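# Compute the structure for the input listed below.
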Amino acid sequence: MSCAYPNAQDHATMTSLSALTQHPNINKKVIWITGASSGIGEALARELAALGAVLILTARRETELARVCASLTNPQQHLLLPLDITDDTAISAAVQTIQQQIGGLDWLINNAGISQRSLIIDTSLETERKLFEVDYFAQINLTRQALPLLLADGGGKVVFVSSVAGLVGTQYRAGYSAAKAALHLWANSLRAELFDQGLKVATIFPGFVKTQVSHNALIGDGSALGEMDEAQAKAMTAEKFAQKTVTALIKDKNYIVIGGVKERLAAVMSRLWPNLLYKMIRKAKVR
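Just a heads-up that it's a prediction; the model follows:
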């Protein structure tokens with residue numbers, strides 16, 4: 001399903017703007033973004049569309065996907081694929097649709113996911129499994145099924161949106177941190193195994209970004225938290241995050257930490273001074 005800009009004059013304006021902002025490393029590339037109906041995914045879609053990309057937008061909420069698509073530069077060239085990424089059959093059908101309607105795929109951005117706000121002792125095993133199902137198993141399954149499209153023309157790029165929490169385990173995020181860490185290491189293996197076939201793999205480690213992620217985060221019984229974290233409310237905007245991310249991806253960086261000073265410092269300390277870092281984390285207010 002493609003979408004069209006609701007106002008012809010606005011469409012013409014956006015097309016003209018696109019001509020001025022197209023980037024040679026992005027223009028006409030076919031880029032699949034999961035979790036594209038809000039937050040980071042929506043911001044990435046806007047940034048990449050403005051640079052000339054042909055987008056495939058995936059999320060569960062079809063009406064929100066349509067809203068995002070209608071706001072993009074050259075909306076008529078993008079493809080909507082409403083999809084639950086935990087549905088294996090739906091993923092297979094989506095890959096077939098891309099093959100039939102577009103013919104190939106240059107980038108896959110695995111952005112869809114769900115966060116957590118509960119202590120280990122309060123979190124059910126079912127909730128832990130759900131976090132892994134969405135944040136790890138669904139991501140690697142979709143990537144594996146998309147690989148033939150990515151490799152068909154001699155390579156492509158897979159992008160995983162992990163988290164600083166996947167580098168630094170903190171209170172209230174044990175299952176989420178574990179799933180994001182697993183995703184990061186799977187990405188490292190993928191990079192090593194398919195380098196000779198031209199596949200590039202990048203992992204993004206966001207710190208706090210001002211989105212609805214904490215509203216939707218799971219608490220111990222698997223229900224949604226339903227409120228904004230204080231740190232989230234004061235964080236970097238999704239638009240700024242998307243700009244920094246796309247700039248890094250264009251430069252072919254593959255280990256990309258984006259966040260405030262504290263988050264970037266924590267990522268460095270996790271490798272160089274882990275004992276000191278965890279002394280600090282024990283005293284930190286993270287919820």
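
# which residue ranges form the helices in the protein?
Remark: helices assigned in the chain by DSSP state H are 8-21, 39-50, 62-70, 88-101, 125-132, 138-151, 174-194, 213-216, 230-233, 238-250, 261-272, 274-283.

# Looking at this structure, which strand is longest?
Ranked by residue count, the top strand of the chain under DSSP state E comes out as strand 199-206.

# Within its sheet, name the partner strands of that one and how each one runs.
Strand 199-206 sits in its sheet next to strand 156-161 (parallel), strand 255-258 (parallel), going by DSSP bridges.

# Please identify the deepest-packed of these.
Compared across the strands paired with strand 199-206, strand 156-161 shows the largest average neighbour count, a mean of 24 (mean count of other CB atoms under 10 Å). Where you see a C-beta, it was placed from the backbone N, CA and C, and this is true even at glycine.

# residues in contact with the closest residue to residue 237 other than its chain neighbours?
Of all residues not flanking residue 237 in the chain, residue 210 sits nearest, at 5.4 Å (CB to CB, 6 or more residues apart in numbering). Contacts of residue 210 were listed using CB atoms under 8 Å, 6 or more residues apart in numbering, and they are 232, 233, 234, 235, 236, 237, 238.

# Among the residues you listed, which one has the most neighbours?
When neighbours are counted by other CB atoms under 10 Å, residue 238 leads the contacts of residue 210 with 23 neighbours.

# That one against residue 42, yeah?
Yes - with contact defined as CB atoms under 8 Å, residue 238 reaches residue 42; the gap is 7.0 Å.

# Quick one: closest of the strands paired with strand 199-206 to residue 245.
Closest to residue 245 of those is strand 255-258 (CB to CB; 6.2 Å).

# Give me the distance from the closest one to the chain's centre.
Computed by CA atoms, centre = their mean, to the nearest Å, the chain-centroid distance of strand 255-258 equals 13 Å.

# swap in stretch 63-72?
Between the centre of stretch 63-72 and the centre of its chain there are 17 Å (CA atoms, centre = their mean).

# would you put the C-alpha positions of it in PDB?
The C-alpha coordinates for stretch 63-72 follow below in PDB (Å, rounded to 0.1, in the frame of the first residue of the first chain):
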ATOM      1  CA  THR A  63      -3.700   4.500  10.700                       C
ATOM      2  CA  GLU A  64      -0.600   5.900  12.300                       C
ATOM      3  CA  LEU A  65       1.600   4.500   9.600                       C
ATOM      4  CA  ALA A  66      -0.600   6.300   7.000                       C
ATOM      5  CA  ARG A  67      -0.300   9.500   9.000                       C
ATOM      6  CA  VAL A  68       3.500   9.300   9.000                       C
ATOM      7  CA  CYS A  69       3.700   8.400   5.400                       C
ATOM      8  CA  ALA A  70       1.400  11.300   4.300                       C
ATOM      9  CA  SER A  71       3.700  13.700   6.000                       C
ATOM     10  CA  LEU A  72       6.900  12.500   4.200                       C
END
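
# Buried residues, that stretch. List them.
Within stretch 63-72, the residues that count as buried by 16 or more other CB atoms under 10 Å are 64, 65, 66, 68, 69, 70, 71, 72.

# and the gap between the fourth one and residue 172?
Which is residue 68. 30 Å (CB to CB, to the nearest Å).

# Same check on the second one?
Distance of residue 65 to residue 172, computed by CB to CB: 30 Å.

# Endpoint to endpoint, stretch 184-204 covers what distance?
Length of stretch 184-204, first residue to last, CA to CA, to the nearest Å: 9 Å.

# same question for that stretch, mean pLDDT?
In this model, stretch 184-204 has a mean pLDDT of 97.

# in it, what's buried?
Neighbour count says stretch 184-204 has 184, 186, 187, 190, 191, 194, 199, 200, 201, 202, 203, 204 buried, by 16+ other CB under 10 Å.

# Could you identify the most distant pair in these?
Maximum distance among the buried residues of stretch 184-204 (CB to CB): 18.8 Å, for 194 and 204.
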